[in-house]
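Colleague: dropping the sequence and predicted coords here.
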Amino acid sequence: MPYPFIPRRLALTLLLFWASAIWIGSLIPLAAPPVDNGDKIQHFLGYGVLAALALAAFPPRMWRAWLGATSMGVAVECAQYFVPYRSFDLRDMLANALGALLGVVLLRSLQALRG
């Protein structure tokens, strides 16, 4: 079932760009956001967009889009364990998974509303 919001080829291109940006942003030294738990908000939103793009690129696979985004979140956190200026955090993984879930549910809901 195609999503009329974005052409599939564009969704795939944006998905690859967004996933690369998450990997790069997660492994370079960055200052913490000035908001309490701002990093959790960044994780939640970033992986929500990632999962929505994955679902737009591969439409009928809602749970695979969620699982792929969540798995990438786990992999990024594991990679951060080995980077001296970053840290491994289970709460970040949870924020990633919940954001990804919201991303696929929202996109699927919008698609259902549009018919």
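Modeller: Right, received. Where do you want to start?

Colleague: neighbouring contacts of the helix or strand containing residue 24?
Modeller: Per DSSP states H and E, residue 24 falls inside helix 8-27. Residues from elsewhere that reach helix 8-27 (Cβ atoms under 8 Å, 6 or more residues apart in numbering): 2-3, 6, 46-47, 49-50, 53-54, 56-57, 59, 72, 76, 79-80, 83, 86. The way it works is simple: take the backbone N, C-alpha and C, and place the C-beta from them, glycine included.

Colleague: longest helix in the protein, please.
Modeller: The helix that spans the most residues within the chain, counting by DSSP state H, is helix 90-114.

Colleague: counting by contacts, list what that one packs against.
Modeller: Other elements packing on helix 90-114 under the criterion 3 or more Cβ pairs under 8 Å, 6 or more residues apart in numbering; DSSP states H and E are helix 38-57, helix 62-81.

Colleague: so which of the ones you listed is the most surrounded?
Modeller: The highest mean neighbour count among the helices and strands packed on helix 90-114, using mean count of other Cβ atoms under 10 Å, belongs to helix 38-57: a mean of 23.

Colleague: so what's the residue count around residue 94?
Modeller: Neighbour count of residue 94, defined by other Cβ atoms under 10 Å: 15.

Colleague: so who does it touch?
Modeller: Not one residue lies near residue 94 by Cβ under 8 Å, 6+ apart.

Colleague: columns mean pLDDT on top of the helices and strands packed on helix 90-114, output as JSON lines?
Modeller: Converted to JSON lines, these look like this (pLDDT from 0 to 100):
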{"stretch": "helix 38-57", "mean pLDDT": "95"}
{"stretch": "helix 62-81", "mean pLDDT": "96"}
